[in-house]
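Asks: Can you look at this prediction? I've put the sequence above it.
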Amino acid sequence: MTDGKRLHLPIHLRWGDLDAFNHVNNTSMLKLLEEARVRAFWKPGPGEDAPETAVLASGIDQGVLTLIARQEIEYFAPVPYQRHPLEVQMWFGKIGGSSVEVCYEVYNDPSHDERVLYARSTAVLVLVDARTVRPTRVSDDMREVWEPYVGEPITYAHRR
């Protein structure tokens, strides 16, 4: 396995992402990762830009859905509200027959002198047929576009 390229996606915080402790709530972090995932993998609309990895057609009428089979997250520092976007770095830990392991690292904006790693996460997405909800294979086209982004999967430090 090669240490593949990473996608670097800016994701802005919303005031509503904060909780009573004045930092991004843990459930909001998962929504921010979802936003990064959609921007990274779903085909853009007319006039929109997207990375080369954005090859999935969105919508139930497109025939293929993506379902989250598992998600894990490890937090390293609280995320305060900030006007600069977070930088979500993404890559694939594995591309299987009908599933992909998406890895994430969430940092402060690259314009800061000191980089802060806020969280790491892994999500296993399964491609399913929209009609039958049964797994369907990762297409050769998807695999070709995604394989350059395969790197080492995340190893979690605090697993028991």
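Replies: On my side now, so go ahead.

Asks: Could you pick out the longest helix of the protein?
Replies: helix 26-41 (DSSP state H).

Asks: which outside residues touch that one?
Replies: 7, 9, 11, 13, 16-19, 24, 50-51, 53-56, 58, 66, 71, 73, 75, 79, 86, 88, 90, 102, 104, 106, 118-119, 121, 123, 125 (CB atoms under 8 Å, 6 or more residues apart in numbering). The C-beta positions use only the backbone N, C-alpha and C, and glycine is treated the same way.

Asks: right, and the helix or strand after that helix?
Replies: strand 64-75 (DSSP states H and E).

Asks: for that following strand, packing partners?
Replies: helix 26-41, strand 117-129 (3 or more CB pairs under 8 Å, 6 or more residues apart in numbering; DSSP states H and E).

Asks: closest one to residue 155 among the ones you listed?
Replies: strand 117-129 (9.4 Å; CB to CB).

Asks: ok, then the element right after the closest one?
Replies: helix 140-146.

Asks: Okay, buried residues for that next one please.
Replies: Buried residues in helix 140-146, counted by 16 or more other CB atoms under 10 Å: 142, 145, 146.

Asks: Throw these into a markdown table and include pLDDT and distance to residue 154, thanks.
Replies: Converted to a markdown table, the buried residues of helix 140-146 look like this (pLDDT from 0 to 100; distance: CB to CB, whole Å):
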| residue | pLDDT | distance to residue 154 |
| --- | --- | --- |
| 142 | 95 | 21 |
| 145 | 97 | 22 |
| 146 | 97 | 17 |
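
Asks: any idea which of those is closest to residue 131?
Replies: Using CB to CB, these come closest to residue 131 at residue 142, 19.3 Å.

Asks: quick one on the thing from earlier: check the offset of the longest helix of the chain from the chain's centre.
Replies: 6 Å (CA atoms, centre = their mean, to the nearest Å).

Asks: Just the buried residues of that helix, please?
Replies: Buried residues in helix 26-41 (16+ other CB under 10 Å): 28, 29, 30, 32, 33, 36, 37, 39, 40, 41.

Asks: what number of residues lie near the residue lying closest to the last one once chain neighbours are set aside?
Replies: Nearest residue to residue 41 in three dimensions, chain neighbours excluded: residue 56, at 5.0 Å (CB to CB, 6 or more residues apart in numbering). Residue 56 has 20 neighbouring residues, counting by other CB atoms under 10 Å.
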